[in-house]
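Participant: Test case, fold it:
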Amino acid sequence: MKSEVETLNPTRVKLTVEVDFAELQSEVDAAYRKVAGQIRIPGFRPGKVPARIVDQRVGRAVVLEEAVNEAIPRFYGEAVAAAEVRVLSQPEIEVTNFADGEQLTFTAEVDVRPAIELPDLVKIPVTVDDAEVTDDDIDEQVKNLADRFGTLTSVERAVQTGDFVSVDIALTVDGEPIEDGTATGLSYEVGSNGLVEGLDSALLGLSAGESTEFPTGLAGPFLGRDGRASATVRSVRTKQLPALDDAFAQEASEFDTLDELRADLRLRLERVKRLEQGMQARDKVLEALLSQVDIPLPERTVDAEIESRRQALDEQLSANGLDLDAYLASQEESLQEHETHIKVDIERDMRAQFVLDAVATKEELGIEEAELSEYIVRRASRAGIDPDAYAQQLVRTGTVSMAVADVLRGKALAYVLEQAVVTDASGRVVDLNRLEEDVTAVRD
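Facilitator: Predicted coordinates:
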């Protein structure tokens, strides 16, 4: 076999492959056996029909076509390996020459990874937000904690923002009641905007026993239709917060004094803010790296990913009784804006993958079995399934290599971050080495 590679553009190549007829013999023999097993000839057992009889009954051209179809993937794979290109897409194959006893020639056009020239990875400057914790921050934390220990007291007055009401709700669409759209005695905090659109403003000024009706937006299969809601207030209560003193600290925590509680809250919030710094540094160092690298993208691969995401969205919407027009209306964007957002996201993700893969290759990064196991456990936890079941799913779907690539990209990004110079908005150097103990402390 001989092969040549022609670069069509930075992300696409054309392979020309020439195969002597003798090199096809194993595929030709296999094709005869396959065709022989598919025909029934009196006097011959299935699969034992001689080649000359096969030629007479179905024609040698059928056998040769089968052989060529089986041979092309093998020789294409050998050509790719010889050219040392990293393909991204399925090839577009064209047979340019073949006849019985003659050379097989075919071409294969395919998207490939672009060659990337990485910048100096040392001391990339990154600026993140300050991690200062103010007294106001602690006051807010104490207030939130006190809110959990508040008690509700009935009041004889009209509803105000922040009150807790017991309310009956009934929903209709186009004048007809909605199945399962009625509820009684719901406890609801007015102003939380967490139940029915328009409910908060409709409840203000009502007293116990009073009702109101108002238009409301509905989701799911009712999106865009004429929705209305009625609400009846059963009772009005207000929350009484405990006094913020040492007694409260003892009731709400393991500390004896309010000062000790505030000190602990400060420590915890400082850890959270440092973790936020770390995540911000990770995102910004990747942005800085991408801004320094010219990364051409394979158009056909981008288009294929856009189409894949479009189909996935259509299937998801269909499963929920929606269509694309209703979805776009809910997102307040046009089809053109939606597709532009998808393309921007895909292109950014692809550039990030390419550059991190290049870093992993340049720095000869690898992964240990324990790192892959940790990745599987983390992903399984997010999906809410057993880690063993998640691992089996990776094997079953043939996506183990994708998981390995994700782990390697994470290590590549961590490597770049380790080399970066991270400072906060006040100009102080941020020590990212503390992140691991902060993560452990927050989890505990």
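
Participant: where in the stretch 1-150 of the chain is pLDDT low?
Facilitator: Scanning the stretch 1-150 of the chain for pLDDT under 70 picks out 47.

Participant: Run through the helices of it in chain order.
Facilitator: Along the stretch 1-150 of the chain, counting by DSSP state H, counting those that start in this stretch, helices occupy 25-36, 51-57, 60-83, 135-148.

Participant: With residue 352 as the reference, name the closest of those helices.
Facilitator: With CB to CB as the criterion, residue 352 lies closest to helix 60-83 of the helices of the stretch 1-150 of the chain, at 24.7 Å. Yep, even glycine has a C-beta here, placed from its N, CA and C like the rest.

Participant: Would you mark the buried spots in the closest one?
Facilitator: 60, 63-64, 66-68, 70-72, 75-76, 79-80, 83 (16 or more other CB atoms under 10 Å).

Participant: how close does residue 285 sit to residue 295?
Facilitator: The spacing between residue 285 and residue 295, counted by CB to CB, to the nearest Å, is 16 Å.

Participant: on that earlier part again, just name the closest of the buried residues of helix 60-83 to residue 164, please.
Facilitator: Scanning the buried residues of helix 60-83 for proximity to residue 164, where the rule is CB to CB, the winner is residue 80, at 66.5 Å.

Participant: ok, which stretches of the stretch 151-300 of the chain are strands?
Facilitator: Ranges of strands within the stretch 151-300 of the chain are 151-154, 164-173, 176-189, 211-216, 227-240, based on DSSP state E, counting those that start in this stretch.

Participant: who wins for proximity to residue 415 among the ones you listed?
Facilitator: Going by CB to CB, the one of the strands of the stretch 151-300 of the chain nearest residue 415 is strand 176-189, 47.1 Å.

Participant: Give the pairing partners of the closest one; include direction for each.
Facilitator: strand 164-173 (antiparallel) (DSSP bridges).

Participant: just to revisit the earlier point, can you lay out the buried residues of helix 60-83 as JSON lines showing distance to residue 408?
Facilitator: Shown next, in JSON lines, are these (distance: CB to CB, whole Å):
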{"residue": "60", "distance to residue 408": "49"}
{"residue": "63", "distance to residue 408": "45"}
{"residue": "64", "distance to residue 408": "43"}
{"residue": "66", "distance to residue 408": "40"}
{"residue": "67", "distance to residue 408": "39"}
{"residue": "68", "distance to residue 408": "37"}
{"residue": "70", "distance to residue 408": "34"}
{"residue": "71", "distance to residue 408": "34"}
{"residue": "72", "distance to residue 408": "31"}
{"residue": "75", "distance to residue 408": "30"}
{"residue": "76", "distance to residue 408": "26"}
{"residue": "79", "distance to residue 408": "26"}
{"residue": "80", "distance to residue 408": "21"}
{"residue": "83", "distance to residue 408": "23"}
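
Participant: Quick check, central residue of the chain?
Facilitator: By CA atoms, centre = their mean, the chain has its centre lying nearest to residue 349, at 10.2 Å.

Participant: so who does residue 351 touch?
Facilitator: 290, 293, 295, 297 (CB atoms under 8 Å, 6 or more residues apart in numbering).

Participant: Tell me the most packed of those, by neighbour count.
Facilitator: Of all the contacts of residue 351, the highest neighbour tally under other CB atoms under 10 Å goes to residue 295, namely 20 neighbours.

Participant: mind listing what that residue touches?
Facilitator: Applying CB under 8 Å, 6+ apart, one finds that residue 295 lies in contact with 114, 116, 351, 354, 355.

Participant: Quick one: buried ones out of those residues?
Facilitator: Burial by neighbour count, 16+ other CB under 10 Å: within the contacts of residue 295 this picks out 114, 116, 351, 354, 355.

Participant: So for the helix or strand hosting the fourth one, mean pLDDT?
Facilitator: Following DSSP states H and E, one finds residue 354 within helix 335-362. In this model, helix 335-362 has an average pLDDT of 93.

Participant: And stretch 310-323, what's buried?
Facilitator: Those would be residue 322, for stretch 310-323 by 16+ other CB under 10 Å.

Participant: contacts for it?
Facilitator: 220, 221, 223, 324, 326, 327, 339, 342.

Participant: hmm, try it at 10 Å
Facilitator: When contacts are defined by CB atoms under 10 Å, 6 or more residues apart in numbering, stretch 310-323 is touched by residues 219-224, 324-327, 329-330, 338-339, 342.

Participant: Report the distance from that stretch to the chain centre.
Facilitator: In terms of CA atoms, centre = their mean, to the nearest Å, the centre of stretch 310-323 is set 17 Å apart from its chain centre.

Participant: For stretch 36-51, buried residues please.
Facilitator: Buried, per 16+ other CB under 10 Å, within stretch 36-51: 36, 49, 51.

Participant: Is it possible to get TSV of the residues you listed that adds distance to residue 102?
Facilitator: TSV is the format used below for these (distance: CB to CB, whole Å):
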residue	distance to residue 102
36	24
49	26
51	19
